[in-house]
Structures are given as C-alpha cells and as structure tokens.
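Peer 1: need a 3D model of the sequence below.
(one chain, ligands or ions: 1)
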Amino acid sequence: MDLLTAAIQDLVAANHILEQQRVVDTFGHISVRHPTKPNRFLLSRARAPDLVESGDILEFALNGDPIDASGPKPYLERFIHAALYAARPDVNSIVHSHSRTVIPFSISEVKLRPVAHICATIGEEVPVWDSHDNFGDTGMLIANLDTGRDFARLFGRASSVLMRGHGSTVVGDSIKEAVFTAIHLEVNAELQLKALQLGAVKYLTRGEVEQVAARFRAGKSGEGFDRAWEYWCRQAGAMRNTPLRG
Ligand SMILES: [Zn+2]
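Peer 2: Here you go, the predicted model:
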C-alpha cells in the first residue's frame, strides 16, 4: 500500500473513532499532513465524521485553499489546520472538536490541567484562545487565515488549546497521537470536574507530565498510542471499510 492510501485509510478510521468516543458529533474534524508533500494536508469534505469515507478526503494547501478548486464543499474551519501546519513543522495531525466536558474550562477561571497519568499528553496546563481578544464580536469560528494565524500564535508549542465558548484543538506527531490526546482531553475534563467537587485537587507536576508523555511518545509498535489505536479501531468498527493494518 502506498503512503497516501495508508494515510487516507487511517484518517477515515480516525473520523469514526473520534465519533465513537464522543469527541466529535455532527461537527468537528481531523486532518493529517500529506505523507509525501509536507506543504499540503488531507481533510474530509464538510461532512459528519462518522459518515466520512475515503472518497471524501480532499487535499489542501497551507493557506487553506483546496488543491481542486472545483471539488466539494470543505469545512469552514479548515484554517485551524492550515495555520497550525504552517507554524508547526513538527505537527502531522490535528483534531478540532466541541467535546462537551472541555468547554466549561474555556469559559471559567479554572485551568484544564492533567489529573491522571493517562492524560499527560494534553500538556501541563491547557491555554485558552479567546477570539474576542483580537477580533471582537465574531461568529467565533476560525473561518479565515488571519484568525487561524492568531490562533496558531497563541497555540505556540502546546499540544492542546481550548477555544473560549467553542471547543478545543489538539495536535500530534501522528494521527494515533492526535486521536489519543483528543480523547484524553475529554477524559481529563470529566475527571477534573469530578475532583473539583470534592475539594482541592492535586495535579500532575511538570516533571510527571514530561516523563509520562515521553514514555507514550517513545512507545514501540503495539505499545502506547499504537495499542490504544488498535483497541479503538475495533470498538468503533473503524475498519469496516478498511482491513486492520500492521
Ligand atoms: Zn469548531
């Protein structure tokens, strides 16, 4: 199988996994950097993630323009992906979602921070980007490159960022890492909300976050992100159109 076909296959599976894990629903999207043309990325046409098939995947330039201008309607918020791939050569996959438990942390004073070791890849403290800071009253979507670049500037070297009153965006070195972190951003929000009801919360220290995240990222085939990916693929029936690859 060639690299592009494999990337599209994994991207379709990721769409189904993220829906099954309740990270995305009607809205939300995941992209991957083109495996042989790093100045392009792959993202579905505007469609609910659970319905995405390989024929829906489109190619985009890093300014957000579809390579085929006569193709189907793309997602309005593709500029999140475009601006982050342009700003972060280390990033190869991006998830944008409105997963529900995360949103309270984007509109309150309480920072989303890792409370469990499995959630360490979200980063030590998840920043919040507020569209109102630089753009005032808007539709609150990243619907052009200007807003995307502003978002990418605040994103910096983070692995996940919340968007005030909107949702979150997560990046990874691979589709498997981005899916893992997106799912655990939601898990952490659930756990942290529960813990806060009990009183003072002890968060992971910076050193713990670094060590746990490094261990996941150093995982060999069948370990860490790979192990989780295989499990979620089976749970989601994500390979219903595509056989499980080694
Ligand atoms: Zn959105």
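Peer 1: residue 88: how many residues sit nearby?
Peer 2: 17 (other Cβ atoms under 10 Å). All C-beta atoms are positioned from the backbone trio N, CA, C, and that covers glycine.
Peer 1: check residue 93 too.
Peer 2: The local packing of residue 93 (other Cβ under 10 Å) involves 28 other residues.
Peer 1: and the residue nearest to it when sequence neighbours are not counted, backbone torsions?
Peer 2: Once flanking residues are discounted, residue 93 sits nearest to residue 178: 3.8 Å by Cβ to Cβ, 6 or more residues apart in numbering. In this entry, residue 178 is assigned phi and psi values of phi -60, psi -40 (degrees, to the nearest 10).
Peer 1: which residues does residue 178 contact?
Peer 2: Residues near residue 178 by Cβ atoms under 8 Å, 6 or more residues apart in numbering: 14, 30, 93-95, 170-172.
Peer 1: among these, which ones are in helices?
Peer 2: Within the contacts of residue 178, residues falling in helices by DSSP state H are residue 14.
Peer 1: pick the one among the contacts of residue 178 closest to residue 101.
Peer 2: The shortest approach to residue 101 among these belongs to residue 170, at 14.2 Å (Cβ to Cβ).
Peer 1: out of the contacts of residue 178, who's nearest residue 79?
Peer 2: Among the contacts of residue 178, residue 94 lies closest to residue 79 (Cβ to Cβ), at 11.4 Å.
Peer 1: and the closest one, how far from residue 221?
Peer 2: Plainly put, residue 94 is 23 Å away from residue 221 if you go by Cβ to Cβ, to the nearest Å.
Peer 1: higher neighbour count, the two?
Peer 2: residue 94 (26 against 8).
Peer 1: wait, that one sits on residue 18?
Peer 2: No: the pair residue 94 / residue 18 is not scored as a contact, 11.9 Å apart, by Cβ atoms under 8 Å.
Peer 1: what sits in contact with each of these two?
Peer 2: Contacts common to residue 94 and residue 18, judged by Cβ under 8 Å, 6+ apart, are residue 30.
Peer 1: what residues sit buried inside stretch 122-130?
Peer 2: 122-124, 126, 128-130 (16 or more other Cβ atoms under 10 Å).
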